[in-house]
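Coordinates for the following, if possible.
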Amino acid sequence: MLKPATVLLLIQMYVCKRVQLSSGTIEGKILNISYSPLGNQSATVFLGIPFVEPPIGDLRYRKPRPPKSWEGVLVTNEYKSACMSNATKTYKNKFGGPISEDCLYLNVLTNEYCLENKNCSVMMIVHGGGYLTESASTFNPEILINNFVGQGRNIVVVTFNYRLGLFSFGQFNGDRGDKNFGLYDMIESVNWVRREIENFGGNKNRITLAGHSAGASMIVAFTSSPLTKGLVHQQIIMSAPMTNMSKKSNFKGMTVMAQMVGCLSEEIGFNKLSEEQVENTYSCLRKKSAQQILDAQLWLLQNSTYFLGAPPIDEHFLTDYPENLYASKSIYPINTLIGTTTLEVEESSYIIDPAFADKKVELLENLCDHIGYVLYEEPETFSKKCQKQYMNGNSSMNLSNEMEFYTPAIDFADSHTSGNTKVFLYSYDYRGAGPAYDRYLEVRSPHHSEDLIYVFGTHRGIFAPKDYIIEKIYSGMFADFVNFENPLPSGDQKWNQYTKENREHFLINFDKNFITPGMRDNYYTEAYEFWSTVGKKSFKEEWSPSLDTFTCALVISPLVSHMKQTTTAFDKTFEQTELLYKEEVNFLKREKLERTQELKMETKRRDKALRIQNRKNGLANKEITEGDEEDESSKLDILLIISAGTLFGGILYVTLPNVILQKRARDGYELLS
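As a prediction, this is how the structure comes out:
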C-alpha cells in the first residue's frame with residue numbers, strides 16, 4: 001500500500017481489452033492516468049499472465065515448464081502474489097502483502113499506438129531485492145506507464161516474477177541436479193515474450209532487459225550464459241554488485257533448511273551428498289508446505305550465522321566466474337547501458353568513522369588481509385598494496401565500492417564492446433533528491449538505488465515540482481536507449497559511446513536549470529588500474545565456517561557490530577553477528593598461520609633446489625643429504641608467531657604437527673584445529 005503522500009496519480013478504468021495468446025484469451029483493462037504536470041497518459045495493462053506452470057507440488061525444485069492452455073477468457077487485471085519471501089520487506093511496509101509459491105506471472109503494459117503498429121520496442125524489468133525479496137507486483141504501473149509507455153515513448157513494458165531464496169538458488173554439496181531455478185524462470189519469461197509480444201504491439205527483436213542491483217546482476221548472469229545467446233537485443237545494468245558469485249553459494253543455508261524441516265540428517269553436516277541422497281532430499285522437500293520452507297529460511301537468516309546470496313556458478317547456466325568469462329571473451333556482446341551512483345553503499349566507510357579514529361590503520365589492515373586471504377594467490381602482497389592504496393585521507397571509504405561496483409562495471413562494459421555493439425556508461429551524482437527519496441538507511445546521497453525514484457519509482461517519497469522535471473529527463477535517457485539504441489540527453493548535449501581506451505561516461509548531476517555536466521573520460525581509472533593489476537585471484541572458495549561466498553559486507557558488518565556492540569546490518573541478532581565476528585577472526589588467523597608454514601616449506605624447497613644446482617656447478621661444499629636431514633627435522637619445529645594489535649589482543653600461537661593451540665591471556669589454551 002502506498003503512503004498517502006506518494007499517491008500521485010488518479011486512475012479511471014474505462015473499458016476492457018482482450019488479446020488472443022497461443023495459450024488462450026486474456027482480458028486486461030485500459031487506464032487513463034492523470035499524472036500531475038505531464039497531463040493524461042493512456043495505457044492498456046494486462047496483469048497476472050501465467051508464463052509457466054505453477055512451480056508447486058512435484059514441480060518444486062524443477063526447471064519451469066510452459067503454461068497449459070485454458071478455456072474461455074482469463075481476466076488479467078490485477079497483480080498476482082509475490083513469490084515466497086519476507087512479505088514486509090517485499091512490499092516495503094509493516095503489513096506486507098500476498099505471497100505464494102504459485103507466483104510465476106508477468107505483466108504487460110502497452111498502448112493503442114503499439115497495438116495498432118505492432119513494432120514497439122520492449123523493455124523487460126528485472127526486479128531486485130538481493131535474490132530474497134521484492135516482486136514484479138510491487139512496481140507502481142502508473143509510474144511505468146508515465147515514464148515509458150506514455151509521453152509518446154511507446155515502449156511495451158513487461159515485468160515478471162522469478163523464484164527467490166531457497167526456493168530458487170539453493171544447492172547441496174555434491175549436487176548434480178537442477179539449480180538456479182530463478183534464472184531459468186527468467187529464460188522462460190523471455191521465451192514467452194518472444195512468442196507472444198507481437199500480440200501486444202511489441203517487436204520480439206527489440207527486447208531490452210533492465211534491472212537494478214540484484215536485478216542487474218541477474219541480467220549479468222543471463223547475458224553471460226551460453227544458453228541465452230540471441231534472446232535479447234540490449235541490456236540496462238544499474239548498480240550491479242558483480243563479485244559475489246561462487247560455486248558453493250547457498251549450499252550451507254540449503255543444507256540447514258533441509259535439516260530443519262526433517263529432510264536431511266544433521267549427522268551428515270555439510271559433507272558431500274551422493275546423487276541419490278540429493279534426489280531423496282528434494283523428494284522430501286517437495287512434500288513439505290511452502291510455508292515450512294519459508295519459515296525455516298526466515299529463521300536461519302535471523303537466528304543462525306548462515307547467509308543466502310547470489311546464484312551459484314553451475315555446470316550449465318553460469319559456467320564460470322564472471323571475470324573469467326569476461327577475460328575469455330566468451331560472452332556474446334549486446335548493446336549495453338551501464339552505470340553506478342557515485343556513493344553506492346560505502347561499506348568500507350567505517351574505517352574513517354571518528355568513533356574508531358585510533359584504529360584506522362588496524363581496521364584497514366584487517367579488511368585488506370581478509371580480502372587477500374580469501375580471494376588472492378599471494379595474500380600478503382595484496383594486503384600490503386591494498387593498505388598503501390587506501391591509507392591516505394578518506395580513500396578507504398571507497399574501497400568496497402571500487403572493488404564491488406566500479407571495477408566490475410568496467411570489466412563488463414569492456415566485455416560487450418565490439419565493432420557491432422554500442423556501450424554507454426554513466427555515473428549518477430545528483431544529490432538534491434531530498435524528500436523525493438524515501439530513505440531507508442541514514443546514508444549520504446546519492447546512495448545505492450537513489451536514482452530509481454526517477455526511473456521505476458522504487459523508494460519514491462514526496463515529489464516537488466523539480467522532481468517531475470528530473471524524472472522526465474532521466475527516464476527519457478533510458479527510454480531513448482530502449483527505442484533508439486542511444487541514451488539521448490536533453491538540449492545539445494551528446495552521449496558518446498564508451499571505449500576501452502578512454503572509458504567515456506556521462507556524468508549526471510542536475511543544476512537549477514536541469515543541465516547535467518555531461519561527458520567525462522576515465523571512469524574510475526585509478527581504481528581500475530589498481531584492482532585489475534593487484535594480483536591473481538585464487539578462486540579457492542575457502543571462507544570462515546558459516547560462509548559459502550564472499551562480499552565485503554559479510555566481512556565488514558560483523559566487525560562493525562562487534563565494535564559498536566549492537567547489530568548494524570542484515571536481519572541477524574547481535575548474538576549471531578558476534579559468532580560471525582569470532583569465526584572471521586579465527587579464520588584469518590588460521591589462514592595466516594597456514595600461509596606462513598607454506599612459505600617456510602617453499603623456501604626450503606627452493607634452498608634444496610639451489611643446493612642441487614650448486615653441486616652440479618661444482619660450487620657446493622656440503623652433501624645434499626645434509627639438507628634432506630634438515631628438512632625432515634624441521635617438520636617437528638615449533639613455530640612461534642606473535643600477533644599484536646589492540647583489535648584482536650595479543651595472541652601466542654604454538655604449531656605442532658596437525659595441532660594449533662592459541663594462548664590468550666586469562667583464557668588458557670584453546671584447540672583450533
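
end-to-end on stretch 134-142?
Distance across stretch 134-142, first residue to last, is 18 Å (Cα to Cα, to the nearest Å).

ditto for stretch 531-543
Distance across stretch 531-543, first residue to last, is 21 Å (Cα to Cα).

buried ones in that stretch?
For stretch 531-543, burial by neighbour count (16 or more other Cβ atoms under 10 Å) applies to 531, 534-535, 541, 543. For the C-beta atoms, the positions are set from N, CA and C on the backbone; glycine is no exception.

my guess is residue 381 contacts residue 535, does it?
Yes: the pair residue 381 and residue 535 passes the contact test of Cβ atoms under 8 Å, sitting 6.0 Å apart.

coming back round to it: want to throw the buried residues of stretch 531-543 into TSV with secondary structure?
Below are those laid out as TSV (DSSP: H, G, I helix; E, B strand; the rest coil):
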residue	secondary structure
531	helix
534	coil
535	coil
541	coil
543	coil
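
As CSV, those with pLDDT would be great.
Shown next, in CSV, are these (pLDDT from 0 to 100):
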residue, pLDDT
531, 97
534, 96
535, 94
541, 89
543, 89
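
just to revisit the earlier point, which residues are in contact with each of residue 381 and residue 535?
Contact criterion Cβ atoms under 8 Å, 6 or more residues apart in numbering; residues bridging residue 381 and residue 535 by contacting each: residue 372.

re earlier: closest to residue 39 out of the buried residues of stretch 531-543?
residue 531 (47.4 Å; Cβ to Cβ).

which residues does residue 259 contact?
265-266.

how about 10 Å then?
Residue 259 makes contact with 265-269, 281, 296, 300, according to Cβ atoms under 10 Å, 6 or more residues apart in numbering.

And for residue 78?
By Cβ under 10 Å, 6+ apart, the residues touching residue 78 are 29, 47-48, 107, 137.

Among these, give me the pair with the biggest separation.
Maximum pairwise distance in those, criterion Cβ to Cβ, is 16.1 Å, between 29 and 137.

quick one: which of those two has more around it?
residue 137 (25 against 19; other Cβ atoms under 10 Å).

any idea how far that one lies from residue 385?
46 Å (Cβ to Cβ, to the nearest Å).

outside of stretch 280-287, which residues touch it?
By Cβ under 10 Å, 6+ apart, stretch 280-287 touches 56-62, 166-167, 170, 172, 175, 177-178, 254-255, 257-259, 261-265, 268, 273-274, 292-293.

what do you get if the cut-off is 7 Å, keeping everything else the same?
For stretch 280-287, contacts defined as Cβ atoms under 7 Å, 6 or more residues apart in numbering pick out 57-58, 60-61, 172, 177, 258, 263-264, 293.

Strands of the stretch 151-300 of the chain, residue ranges please.
With strands called from DSSP state E, counting those that start in this stretch, the stretch 151-300 of the chain shows them at 156-160, 202-212, 234-238.

which strands and helices sit next to the host helix or strand of residue 338?
Residue 338 belongs to strand 335-341 when assigned by DSSP states H and E. When contacts are defined as 3 or more Cβ pairs under 7 Å, 6 or more residues apart in numbering; DSSP states H and E, strand 335-341 packs onto strand 234-238, helix 407-415, strand 423-428.

related to what we said a few turns ago, weed out the non-buried ones from the contacts of residue 259.
Applying 16+ other Cβ under 10 Å to the contacts of residue 259, the neighbour count classes 268, 281, 296, 300 as buried.

Point out the least confident one among those residues.
In this model, the minimum pLDDT among the buried ones among the contacts of residue 259 belongs to residue 268 (92).

any idea how far that residue is from residue 566?
Applying Cβ to Cβ, the value for residue 268 to residue 566 is 35 Å.

got it, and residue 272?
38 Å.

pretty sure residue 108 is in a strand, no?
Yes: read with three-state DSSP, residue 108 is one of the residues of a strand.

looking at it, it is touching residue 46, isn't it?
Yes: using Cβ atoms under 7 Å as the test, residue 108 is close enough to residue 46 to be in contact (4.6 Å).

tally of neighbours for residue 191?
15.

And it, how far from residue 489?
In terms of Cβ to Cβ, residue 191 sits 35 Å off from residue 489.

swap in residue 103?
According to Cβ to Cβ, residue 103 and residue 489 sit 38 Å apart.

Which residue of those two possesses the greater neighbour count?
Higher neighbour count among residue 103 and residue 489: residue 103, with 26 against 20, using other Cβ under 10 Å.

tell me the secondary structure for that one?
Using three-state DSSP, the structure places residue 103 in coil.

Ok, residue 30 next?
Once three-state DSSP is applied, residue 30 turns out strand.

Who are the contact partners of it?
Residues in contact with residue 30, defined by Cβ under 7 Å, 6+ apart, are 14-15, 17, 42, 44.

Let's see if you can find the most crowded of those.
Counting neighbours by other Cβ under 10 Å, residue 44 leads these with 23 neighbours.

In a strand, that residue, correct?
Yes: per three-state DSSP, residue 44 lies within a strand segment.

Residue 487 and residue 338 touch, don't they?
No: with contacts defined as Cβ under 7 Å, residue 487 does not count as touching residue 338, sitting 10.8 Å away.

Which one's more surrounded, those two?
The neighbour comparison of residue 487 against residue 338 (other Cβ under 10 Å) goes to residue 338, with 25 against 21.

Report the spatially nearest residue to the more buried one, omitting neighbours in sequence.
In space, and not counting its chain neighbours, residue 338 is closest to residue 237: 4.2 Å by Cβ to Cβ, 6 or more residues apart in numbering.

Let me know the distance separating the one you found from residue 415.
Counting by Cβ to Cβ, the gap from residue 237 to residue 415 is 11 Å.

repeat for residue 132
Look at residue 132 and residue 415: by Cβ to Cβ, they are 27 Å apart.

Centre-most residue in this structure?
The chain has residue 214 as the residue nearest its centroid, 4.0 Å off, counting by Cα atoms, centre = their mean.

The spatially closest residue to that residue that is not a sequence neighbour: which element?
Using Cβ to Cβ, 6+ apart and skipping the chain neighbours, the partner closest in space to residue 214 is residue 128 (4.3 Å). Here residue 128, judged by DSSP H and E, is contained in no helix and no strand.

Neighbours of residue 128, how many?
Residue 128 has 24 neighbours, counted by other Cβ under 10 Å.

Nothing else from me, thank you.
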